[in-house]
Structures are given as structure tokens and as C-alpha cells.
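> please work out how this folds:
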Amino acid sequence: MNAGALAETGWLAGTEPSVADFAVYGFLNFLQVLDGWETVKARRRVAKLVKTLGETVDKVEAYDVEDAAQLDARQHREEKKRLPLV
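Numbering: from 1, shown residues only. Got it, this is the predicted structure:
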């Protein structure tokens, strides 16, 4: 990614992170375990984008097993409602 693609704000579009920034983060973050990470680090503005979004993602609450169980139960009830009565 070329640092010139970033707006003056440091984001791809606008004054705050957008879906575009997180999409790029998802791709660039995988480069940390590959040889391409050195190229990202050489572009300070891009590296800052990845670091900042990484910190944001780390703050997001992890997927909760209890929430998943409740979601599964709700989906099961909804599917049951759609089944024809015999």
C-alpha cells in the first residue's frame, strides 16, 4: 500500500477510521508473519495505520461463548417457528 493513498488524517477516507481502513488492516495485519511486513514498516504512515487499528481491534470484546449459545438457541427457535405443523 502506498502511503500516498492515506488522507492527511492518516485514514483512507475521512477523519475517522472507516470500513475501508479495517479492510486494509485485515490484509496488512497478516503480513506481520510474512516477509512483506518489512515493506509495511518502511512506510511509516501505513505502519501507524496498522498499529492504531490493531490497538482498536484488541479493545473490542472477544466473542463470548454464552452469547454464541444464546444466539444458537434463538436461531433454533426461529427455525422451529418456520417449520410446518404436522
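
> if you count contacts, what does the helix or strand that residue 51 is a member of end up packed against?
Secondary structure from DSSP states H and E places residue 51 in helix 44-59. Here helix 44-59 touches helix 19-30, helix 37-42, going by 3 or more C-beta pairs under 8 Å, 6 or more residues apart in numbering; DSSP states H and E. Every residue, glycine included, has its C-beta placed from N, CA and C.

> now it: average pLDDT?
Across helix 44-59, the average pLDDT comes to 84.

> stretch 11-19 too?
86.

> how about it: buried residues?
11-12, 17 (16 or more other C-beta atoms under 10 Å).

> make JSON lines out of the residues you listed and add secondary structure.
JSON lines is the format used below for the buried residues of stretch 11-19 (DSSP: H, G, I helix; E, B strand; the rest coil):
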{"residue": "11", "secondary structure": "coil"}
{"residue": "12", "secondary structure": "coil"}
{"residue": "17", "secondary structure": "coil"}
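
> now residue 49: how far from residue 22?
According to C-beta to C-beta, to the nearest Å, residue 49 and residue 22 sit 10 Å apart.

> so if I had to pick from the two, which one is more boxed in?
residue 49 (24 against 14; other C-beta atoms under 10 Å).

> next up, the contacts around the more buried one.
6, 10-11, 21, 24-25, 28 (C-beta atoms under 8 Å, 6 or more residues apart in numbering).
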